[in-house]
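Participant: sequence? don't have it. structure:
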């Protein structure tokens, strides 16, 4: 898994690829903490190259969503397909994100 | 029957997931959804053993996979702390829970799930292919 953060004006994009699972989720927690601490309020999570996600990875993205929203911001998730899309739909996250 | 015996440690999660993904393809549904759901459920089961079952000590996981004409059964045996999937209530998805989703994923994606606590603990999960459910086409 790699997670790349790009800030452009008010907007922050996190591109996460590979596997976001119980092993790799610990690696993105500090990046999420930094996005929240920097009060980045227009955040897009690009998952177009994410191959597999588990409940740990979903939990990290939900955490990002809740914390950015608590700061008055918005989080969008883009690019979902295949197994990650199935998980997001099962957990009814299509009500939260426009996927 | 396919048999894999590995340490119940997250370092081996990807290896185990790849084995199950390959076995799922042997069912021959030609349906990616079937394989995705099997892999998702198995990954959560392995997480539970590695993170909770073997929290206090290390041990192995025995993975046995039976592949049928339109079904697949996975048996996981471990000698860690027990957790009974039937004891755990479904999460309230409206509250956007950040944890406690793994068992829900297992129960949702597999058709039959049973658990026997003991030495070893035995988690068995079966998924059957149905074109009505998945809309796939067999090759």
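Facilitator: Perfect, I can see it now. Since we're looking at a predicted model, the values are computed, not measured. Numbering: from 1, shown residues only, chains lettered A, B, ... in the order given.

Participant: What ranges does chain A have for its strands?
Facilitator: Along chain A, counting by DSSP state E, strands occupy A:2-8, A:11-20, A:42-46, A:50-53, A:74-78.

Participant: ugh, wrong one, chain B
Facilitator: B:2-7, B:60-67, B:71-78, B:112-116, B:121-128.

Participant: quick revisit: mean neighbour count, the strands of chain A: which tops it?
Facilitator: Greatest average neighbour count among these goes to strand A:50-53 (a mean of 22), per mean count of other CB atoms under 10 Å in any protein chain shown. Bear in mind the C-beta positions are built from the backbone N, C-alpha and C, glycine included.

Participant: now for that one, which elements pack on it?
Facilitator: strand A:11-20, helix A:82-90 (3 or more CB pairs under 8 Å, 6 or more residues apart in numbering or on different chains; DSSP states H and E).

Participant: neighbouring strands for the first one, and are they parallel or not?
Facilitator: What it means is strand A:11-20. Looking at strand A:11-20 with DSSP bridges, its partner strands are strand A:2-8 (antiparallel), strand A:42-46 (parallel), strand A:50-53 (parallel).

Participant: Around chain A, which positions in chain B sit nearby?
Facilitator: B:10-11, B:13-14, B:17, B:32-33, B:36-37, B:39-40, B:43-44, B:47, B:50-51, B:93, B:96-99, B:101-102, B:104-105, B:108-109 (CB under 8 Å from any CB of the partner chain).

Participant: Give me the buried subset of those residues.
Facilitator: Among the residues of chain B next to chain A, those buried by neighbour count (16 or more other CB atoms under 10 Å in any protein chain shown) are B:10, B:13-14, B:17, B:33, B:36-37, B:39-40, B:43-44, B:47, B:50-51, B:96-98, B:101-102, B:104-105, B:108-109.

Participant: Residue numbers of chain A in contact with chain B?
Facilitator: Residues of chain A lying close to chain B by CB under 8 Å from any CB are A:19, A:21-23, A:52, A:54-56, A:58-60, A:62-63, A:65-66, A:82-83, A:86-87, A:90-92, A:96.

Participant: go with 6 Å
Facilitator: A:22-23, A:54-55, A:59, A:62-63, A:83, A:86, A:90, A:92 (CB under 6 Å from any CB of the partner chain).

Participant: excluding its backbone neighbours, what's nearest residue A:18?
Facilitator: residue A:1 (4.1 Å; CB to CB, 6 or more residues apart in numbering or on different chains).

Participant: which residues touch the one you found?
Facilitator: A:18-20, A:24 (CB atoms under 6 Å, 6 or more residues apart in numbering or on different chains).

Participant: if we can go back for a sec, could I get the strands paired with strand A:11-20 as a markdown table with mean pLDDT?
Facilitator: As requested, these are exported to a markdown table (pLDDT from 0 to 100):
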| stretch | mean pLDDT |
| --- | --- |
| strand A:2-8 | 97 |
| strand A:42-46 | 98 |
| strand A:50-53 | 96 |
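
Participant: Looking at these, which is nearest to residue B:118?
Facilitator: Closest approach to residue B:118 among those is made by strand A:50-53 (31.0 Å; CB to CB).

Participant: Please list the outside residues in contact with the closest one.
Facilitator: Residues contacting strand A:50-53 (CB under 6 Å, 6+ apart): A:16-20, A:83-84, A:87.

Participant: try 8 Å this time
Facilitator: The contact list for strand A:50-53, computed with CB atoms under 8 Å, 6 or more residues apart in numbering or on different chains, reads A:16-21, A:47, A:79-80, A:82-84, A:87, B:17, B:39, B:43.
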